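Undergrad: no FASTA, just this:
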Ligand SMILES: *Cc1c(COP(=O)(O)O)cnc(C)c1O
């Protein structure tokens, strides 16, 4: 079968909820993927940063195979031997007291929302069903009905209402607007430290510290969604570590399993996590031994291969190079670590067109919104491989 055959089957039998680039991948190795026609591409998306460790990392392949043959799913009706070790390792790595394991990122965000609301009622004394959570405009936290309900992107919401009440969106990066929006009913502020899907948007320096201060002054939980920005992507273990803040809750996913298996988690301090009682919340697959074993290995790889440090150094190197491209099509290059966005000038003809041209050069990138190209290679990438990619990008803009 050729690429065209696969594409036709997918178009015929699948839901058309995505608009993928027409490359049909059947193999991956590190930063490279191969399509069914045998063409090689450098992956500059990393499955939206789920594959920070690189495709089919040999240590993850081995661990997954071992754990598969041993035990995959106990459900939380019983205990297993992998979850406790992952919980302990998460505590040691991140400093958060406790973790609650889920599968997809959106589920972990939902978990954070439930925790924040229940904390609001049981600890802050908010009246029943009045709790509010403040989010940012241009946010992306997933695709459940509750979560798209507080998106400000019409495309994500249209046709899916009615939505869950209790969310307020204020402009991202504007601490004064946040201040104004806080009320006695505010249970939490939920933010991405860098907006990924929103177009690699970096808030002003000091923004997170200002938000932290508002949270402390108003007895509001500070919860960050680092599903995409975290686990090394932005050049630190977590993007919030560029500032002196101490969030009450953190949502992680994506690279938590190196792309092998959906694993997500809500991490929180004791005072927040203790609101959950037996029966309050759960998931059949959440915390399963296969996912936990994979996540443990994925985290060890992150540490052993110094992926956050690599991301920091290589990100600065690569952004400096990209800034040397002089093209009227480029409006701005921005990023932290290897989470980089190229914002195109309005007259450049759209990011999709550039992504197609890059694909023809063997570089797989994905546009986010119409005018931003996201550059997020696996964090195992080497300098000379970045140089290769740079050559392709330069050529396409030349
Ligand atoms: C991808 C993403 C999510 C949703 O994760 P899924 O696993 O797709 O449900 C939530 N928040 C952010 C910041 C993300 O990038």
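TA: Yep, that arrived. Only a predicted model underlies this, so the values are computations on that prediction, with no experimental measurement involved.
Undergrad: report the closest residue of this protein relative to the ligand.
TA: Nearest to the ligand in the chain, going by Cβ to the nearest ligand atom, is residue 105, at a distance of 2.2 Å. C-beta: built from backbone N, CA, C; applies to glycine.
Undergrad: what distance do you get for that residue to residue 373?
TA: According to Cβ to Cβ, to the nearest Å, residue 105 and residue 373 sit 22 Å apart.
Undergrad: now do the strands in the stretch 51-200 of the chain.
TA: Applying DSSP state E, counting those that start in this stretch to the stretch 51-200 of the chain gives strands spanning 98-102, 132-136, 167-170, 186-191.
Undergrad: would a markdown table of the ones you listed with distance to residue 356 be doable?
TA: What follows is the strands of the stretch 51-200 of the chain, written out as a markdown table (distance: least, Cβ to Cβ, whole Å):
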| stretch | distance to residue 356 |
| --- | --- |
| strand 98-102 | 35 |
| strand 132-136 | 31 |
| strand 167-170 | 33 |
| strand 186-191 | 33 |
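Undergrad: for the ones you listed, give me CSV that also has mean pLDDT, distance to residue 280 and mean neighbour count.
TA: Shown next, in CSV, are the strands of the stretch 51-200 of the chain (pLDDT from 0 to 100; distance: least, Cβ to Cβ, whole Å; neighbours: other Cβ atoms under 10 Å):
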stretch, mean pLDDT, distance to residue 280, mean neighbour count
strand 98-102, 98, 10, 23
strand 132-136, 99, 18, 24
strand 167-170, 98, 21, 17
strand 186-191, 99, 16, 26
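Undergrad: need the nearest residue in space to residue 308, chain neighbours excluded.
TA: Using Cβ to Cβ, 6 or more residues apart in numbering and skipping the chain neighbours, the partner closest in space to residue 308 is residue 232 (3.8 Å).
Undergrad: what's the local residue count around the closest residue to the residue of the chain closest to the ligand other than its chain neighbours?
TA: The spatial neighbour of residue 105 that comes closest, neighbours along the chain excluded (Cβ to Cβ, 6+ apart), is residue 253 at 3.6 Å. Using other Cβ atoms under 10 Å, residue 253 has 28 neighbouring residues.
Undergrad: hey, which helix or strand in the chain has the poorest pLDDT?
TA: Here the helix or strand of the chain ranked lowest by mean pLDDT, DSSP states H and E is strand 366-368, holding a mean of 92.
Undergrad: helices and strands around that strand, which ones?
TA: helix 351-360, strand 372-375 (3 or more Cβ pairs under 8 Å, 6 or more residues apart in numbering; DSSP states H and E).
Undergrad: winner for burial among the ones you listed?
TA: strand 372-375 (a mean of 25; mean count of other Cβ atoms under 10 Å).
Undergrad: need the residues of this protein near the ligand, please.
TA: 48, 104-106, 109, 140-142, 192, 196-197, 225, 227-228, 253 (Cβ under 6 Å from any ligand atom).
Undergrad: any idea which of those residues has the most stuff around it?
TA: Neighbour-wise, those (other Cβ under 10 Å) top out at residue 227, 30 neighbours.
Undergrad: excluding covalently adjacent residues, which one is nearest to the residue nearest the centre of the chain?
TA: A centroid search over the chain (Cα atoms, centre = their mean) returns residue 228, at 1.7 Å, as the residue closest to the centre. Excluding its sequence neighbours, the residue lying closest to residue 228 (Cβ to Cβ, 6+ apart) is residue 196, at 3.9 Å.
Undergrad: again, but for residue 143
TA: residue 106 is the one closest to residue 143 (Cβ to Cβ, 6+ apart), at 5.7 Å.
Undergrad: distance of the closest residue to residue 229 other than its chain neighbours from residue 308?
TA: For residue 229, ignoring the flanking residues on the chain, the nearest one in space by Cβ to Cβ, 6+ apart is residue 239 at 3.9 Å. In this view, residue 239 and residue 308 are 10 Å apart by Cβ to Cβ.
Undergrad: my read is residue 272 is in a strand, agree?
TA: No. Using DSSP: H, G, I helix; E, B strand; the rest coil, the assignment for residue 272 is helix, not a strand.
Undergrad: how about the strands of the stretch 251-398 of the chain, start to end?
TA: Assigned strands in the stretch 251-398 of the chain, in chain order: 264-268, 330-336, 339-344, 363-364, 366-368, 372-375 (criterion: DSSP E, counting those that start in this stretch).
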